[in-house]
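Trainee: With the input below, show me the fold.
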Amino acid sequence: MFNNVKLSLFLASRSMMKGNKSTLLLIIFIMSLIFVNLVFIGSIFLGVTEATNKQVINSLYSNVVIEPKKDEKYISDVYSLEQKIKGVPGIVGISSQYVTGATLSYKDKHGTWTLRAVNPDDEMKVTTNHNHLIAGNYLSRLDGNEILLGKEIAGGFGGDLEYNSLGVKVGDSIDVLFDNGVKKSYRVKGIFDANFIQTNTMAYISKKEMESVVGLEDKASQILVKTRDNGNEEMYIKQFLETGIKEEIKPWTVYAGMVKNITNSFDMIAMMISAIGLFVAVITIFIIVYTSTISKRRQIGILRAVGIEESVIIQSYIFQAMFIVISGIFIGLMIIFFAIKPWFIEHPLKFPIGLASLLILPEKVSMNAVSLIIAALAAGFIPSWLAVRKTIIDAMWGE
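Mentor: From the prediction side, this is the model:
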């Protein structure tokens, strides 16, 4: 058995050494590109999904959202509830907010957007929007007549919804019509761009100002909770419930329906492209091995005539196919980790859902490599098996 393997390796190496070196290198390069394509497509889609998840957490909902009890509009006794939350280990920040729809108008332009009223000091602990100012300044706790706008509301700065924007800049005064009928004027204090279109269509005022408008105190529409780590939201929710909190408590994933749809679509696209890539690899290797067996029919016949087993000849062609694929995988890994990945780190792709780079997971790379190797085994076996099925006489005559 071992001698047969050694003989197969010898025949494979002699065949490649006597063959056209340029053609062999070109074929290996083609295999490396096929492997790069398999890894790249899956990695970019994973990167987009990860970027979207981060944006939902960092700019919209943080890790855990507490909402009013069923059939109630507001959370009551917010201060007491916040103290319970703070008693749970691993809590980084808490932000109680009023959330409402409001009509914002400037001159002859107007539109209805989401308005959040927050304590700016608390908000900075649960979201990162304060780090993405592109004009003006962030809100302060005592601001009474100032408002912070997402760039899709303000307009300019390369927004995607420019036609719906107000066309304002820092220092302009806009009118805000609240859902309770109160109308007030506010000075635009700052404009932010969170690189997430859903966040960029929101406006912020101070919680103190909102309470003066709605005539409420120590209440909230929602409470955002930032935890030390992502992925353990259910554990924290369980601990919140154990403290006696009766309000609705949900992880951020509940609000990420868009992310799930994107993920499912990308998974389907990646699967289709990967299948096509593997098919191309199989066909390429099949043609290479088939062409080789056709051109070497007499040699195959002579080998069989001198007593070389058919399995040895088949193995020799499988080894050739394996060498081509494994070499292609190795070169492909070099291209990915030393060229493509560093470039994407420096130049992430900009989507309306955020900045996305490659997310290369070792298990995904391994899966693609194994798939390509299995494809090589099949593509190397079939034509060589067909070749040795001919009689020795037919093979030696080249028929």
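Trainee: At which residues are the helices of the stretch 101-250 of the chain located?
Mentor: Along the stretch 101-250 of the chain, counting by DSSP state H, counting those that start in this stretch, helices occupy 120-126, 151-154, 207-214, 233-242.
Trainee: and of the ones you listed, who's closest to residue 63?
Mentor: helix 233-242 (5.3 Å; CB to CB). Every C-beta, even on glycine, is put in place using the N, C-alpha and C of the backbone.
Trainee: Just the buried residues of the closest one, please?
Mentor: With burial defined by 16 or more other CB atoms under 10 Å, the residues of helix 233-242 counted as buried are 233, 236, 237, 239, 240.
Trainee: Next: stretch 168-185.
Mentor: Neighbour-count burial for stretch 168-185 [16+ other CB under 10 Å]: 168, 170, 174, 176, 177, 178, 184.
Trainee: Can you lay out the helices of the stretch 101-250 of the chain as JSON lines showing mean pLDDT?
Mentor: JSON lines is the format used below for those (pLDDT from 0 to 100):
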{"stretch": "helix 120-126", "mean pLDDT": "96"}
{"stretch": "helix 151-154", "mean pLDDT": "95"}
{"stretch": "helix 207-214", "mean pLDDT": "93"}
{"stretch": "helix 233-242", "mean pLDDT": "95"}
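Trainee: ok, the spatially closest residue to residue 237 that is not a sequence neighbour - contacts?
Mentor: Residue nearest to residue 237 in three dimensions, not counting chain neighbours: residue 249, with 5.0 Å by CB to CB, 6 or more residues apart in numbering. For residue 249, the contact set (CB atoms under 8 Å, 6 or more residues apart in numbering) comprises 64, 65, 66, 67, 237, 240, 241.
Trainee: Residue 167 is in contact with residue 155, correct?
Mentor: Yes: the criterion here is CB atoms under 8 Å, and residue 155 meets it with residue 167 at 4.4 Å.
Trainee: Comparing the two, which residue is more hemmed in?
Mentor: The neighbour count for residue 155 versus residue 167, taken as other CB atoms under 10 Å, is higher for residue 155 (20 against 13).
Trainee: Next, that one: phi, psi?
Mentor: Dihedral pair for residue 155: phi 100, psi 160, per degrees, to the nearest 10.
Trainee: can you check residue 361 too?
Mentor: Per degrees, to the nearest 10, the backbone of residue 361 is at phi -100, psi 130.
Trainee: Check the one 3 residues further on too.
Mentor: The phi and psi torsions at residue 364 (degrees, to the nearest 10) take the values phi -70, psi -40.
Trainee: Could you find the closest non-adjacent residue to it?
Mentor: Residue 364 sits nearest to residue 42 (CB to CB, 6+ apart), 5.5 Å away.
Trainee: Quickly note the distance from the residue nearest to residue 237 to residue 57.
Mentor: 16 Å (CB to CB, to the nearest Å).
Trainee: Same question for residue 174.
Mentor: 29 Å.
Trainee: Over to residue 257?
Mentor: 15 Å.
Trainee: So the two - more neighbours on which side?
Mentor: Higher neighbour count among residue 257 and residue 57: residue 57, with 22 against 9, using other CB under 10 Å.
Trainee: which ones are touching the more buried one?
Mentor: Applying CB under 8 Å, 6+ apart, the residues near residue 57 are 63, 230, 252.
Trainee: From these, list the buried ones, please.
Mentor: 63, 252.
Trainee: out of the buried residues of helix 233-242, who's nearest residue 372?
Mentor: residue 233 (37.3 Å).
Trainee: The closest one and residue 65 touch, don't they?
Mentor: No: Residue 233 lies out of contact with residue 65 (CB under 8 Å); the separation is 9.7 Å.
Trainee: anything in contact with each of the two?
Mentor: What both residue 233 and residue 65 touch, as defined by CB under 8 Å, 6+ apart, is the set 251, 252.
Trainee: all strands of the stretch 251-399 of the chain, in order?
Mentor: For the stretch 251-399 of the chain, the strands defined by DSSP state E, counting those that start in this stretch occupy 349-351, 354-356.
Trainee: err, the stretch 51-200 of the chain, not the other one
Mentor: Under DSSP E, counting those that start in this stretch, the stretch 51-200 of the chain gives strands at 64-67, 91-106, 109-118, 133-136, 146-150, 173-177, 183-192.
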